[in-house]
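# fold the following, please.
(2 chains)
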Amino acid sequence: MRLFFAVGKFFKEVFLKLGRSFFFLQDTVYWLFKSKLEKEEVLKQMKRVGVESFPVCILTSLFTGMVLALQSGLSSKSIFNDPLYVGTLVAFSMVLELGPVLTSIVVAGRVGAAFTAEIGTMKVTEQIDALYTLGVNPFSYLAVPRLIASCLMLPLLVIFSDIIGILGGYFVSIVKLGIPGKIYFDDVTRYLEIMDVLHGIIKTFFFALIIFWVSCFNGFYTGEGAEGVGKATTTTVVVSMILILLSDYFLGSLLISFGIG
Amino acid sequence: MIKIRGVHKYFEDKWVLRGVDIDIYDGETITIIGGSGEGKSVLLKCIVGLLKVDKGEIVIDGVDITKVSDIELQKVQKNFGFLFQGAALFDSMTVYENVAFGIRRRNPSLSESKIRRIVEEKLSLVGLKGVENLKPAALSGGMKKRVGLARAIATNPKYILYDEPTTGLDPVLADSINDLIIDMKKKLGVTSIVVTHDIHSACKVSDRIAMLYSGKIIEVGTPQDILNSKNALVRNFIKGVMI
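Numbering: from 1, shown residues only, chains lettered A, B, ... in the order given. Here you go, the predicted structure:
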């Protein structure tokens, strides 16, 4: 009986949280169109999401591209005695999957956690209530700028990550595998189409929405005290990563069925 | 004027407010006293629309805030200044930016020099000078409350709400905050609603005192009326006896 109640309580909390999260998104979209845009806040958050995440994203994609080229080149060499289609493999992997997914995961860990911790701390110290009393809606001041910044900057970061990853592969191909640069780039451009790039970018918009949604929701609905903020931050990172990976498969399948990528 | 009628508020497992009825008149300072956990701060947050009531009406200058949209509520909230228990200063901003925050949003066309003048004026009203560039983390508890009050009065609100203004302060600092509350009424002519369990503070700053017990206002009167109350619950609270 006790187990029955525990399971019931668990599902009740899950559905309550789900319901609240949809209302949260609805409120954010409402204030996105109803309130005056907080331009300064948008720029501040764009800098945070884009500029400040740039080095770590670049580092991640550079070494991902390098290791992709190394592994695929060596495998190909051991099978065919020649490192074949290294550029193609690196480009497809980066543009379709690794660029969007890895960059989003890095941003979820770096920026999503910061969003939750910052908004959560504001919640527990009544700073969000203070915004209301100063005539400022917290959704328009805190949520909307973060939504805009995430959806604009994450795709940009992914484009840079794709390019740097491919360049990382180029570097390894020349230095380690002895592939001429021209052949590497011919491999990159021969099969890669604009729809493939679009595939990655469209997915990234959804990943940006996931990061915003999970992190800001957890911030606004954080538990009491430092422990509550800590738990909310951890939840943000874990849930964002899981949702990014899960949605990657389903979004990928959907986009392919529409002929994108 | 604020009219509160039959206000109920429910939290997960219990009714915190069970039908609060009270009128708050323009220009007066009214203090709501009551034990910890009686719902004083909840009532204050309901008045300013930070919490939605489950039943009842809160009519502020003719507008029932329990029935208006978020945008209309935001307009009503502009008449309020709120001093939070922990001051709730924006910790990413300096003292100057905190006080200027509301001013900038209400009057986007105001020049920076005018904003600076208002900020300095409000800070000097609460007895602070030369702290403009400090971050809240560098301030003492009493200074934080003063900055919180300067921020609350920066937009010239009609109503100022004080949530436990003297809690956590030493007696000297607490008394200086009491003097500030009296000053705000004298200098700005505002209506003040103070929530506290400090009976000394309540008697010093209030025109009227209301006692909240078990989710209802059980007695309202001048400080003298409350001190001479025949209600055993009020008497016991004043004497510090467990209710």
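# quick one: the helices in the chain?
This is for chain A. Secondary structure of chain A (DSSP state H): helices at A:2-34, A:39-46, A:54-80, A:86-92, A:99-107, A:113-124, A:127-133, A:138, A:144-175, A:181-191, A:194-220, A:225-257.
# oops, wrong one, chain B.
Under DSSP H, chain B gives helices at B:40-47, B:70-77, B:95-106, B:112-125, B:141-153, B:171-188, B:199-205, B:223-227, B:232-239.
# got the buried residues for the first one?
The reference is to helix B:40-47. Applying a neighbour-count criterion of 16 or more other C-beta atoms under 10 Å in any protein chain shown, one finds B:40-47 buried in helix B:40-47. (C-beta placed from N, C-alpha, C; glycine too.)
# what does the fifth one give?
Judged by neighbour count (16+ other C-beta under 10 Å), helix B:141-153 contains these buried residues: B:142-153.
# contacting residues for A:L37?
For A:L37, the contacting residues are A:144, A:148, by C-beta atoms under 8 Å, 6 or more residues apart in numbering or on different chains.
# same list (the helices of chain A) but as TSV, adding mean pLDDT, distance to chain B and mean neighbour count.
Shown next, in TSV, are the helices of chain A (pLDDT from 0 to 100; distance: least, C-beta to the nearest C-beta, whole Å; neighbours: other C-beta atoms under 10 Å in any protein chain shown):
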stretch	mean pLDDT	distance to chain B	mean neighbour count
helix A:2-34	90	7	12
helix A:39-46	94	10	16
helix A:54-80	94	22	18
helix A:86-92	94	41	24
helix A:99-107	96	21	25
helix A:113-124	95	8	22
helix A:127-133	92	4	23
helix A:138	92	11	20
helix A:144-175	95	14	23
helix A:181-191	91	44	15
helix A:194-220	95	14	23
helix A:225-257	94	12	16
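# which residues touch the closest residue to B:I2 other than its chain neighbours?
In this structure, B:I2 finds its nearest non-sequential neighbour in B:I24, 4.1 Å apart by C-beta to C-beta, 6 or more residues apart in numbering or on different chains. Residues in contact with B:I24 (C-beta under 8 Å, 6+ apart) are B:1-4, B:30, B:191, B:193.
# same question, B:I238
B:I238 neighbours (C-beta under 8 Å, 6+ apart): B:199, B:226-227, B:229.
# also B:M184?
By C-beta under 8 Å, 6+ apart, the contact list for B:M184 reads B:125, B:149, B:153, B:160, B:190, B:192.
# mind doing that once more with 10 Å?
Residues in contact with B:M184 (C-beta atoms under 10 Å, 6 or more residues apart in numbering or on different chains) are B:29, B:81, B:83, B:125-126, B:149, B:152-153, B:160, B:162, B:190, B:192, B:205.
# same thing with B:Q85?
Shown in contact with B:Q85 (C-beta under 10 Å, 6+ apart): A:126, B:41, B:44, B:145, B:148, B:162-165, B:167-168, B:195.
# if we can go back for a sec, so which of the buried residues of helix B:141-153 would count as near chain A as well?
Applying C-beta under 10 Å from any C-beta of the partner chain to the buried residues of helix B:141-153, one finds that B:148, B:151-152 fall near chain A.
# redo the residues you listed as TSV? Include pLDDT.
Listed next are these as TSV, based on pLDDT from 0 to 100:
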residue	pLDDT
B:G148	92
B:R151	92
B:A152	90
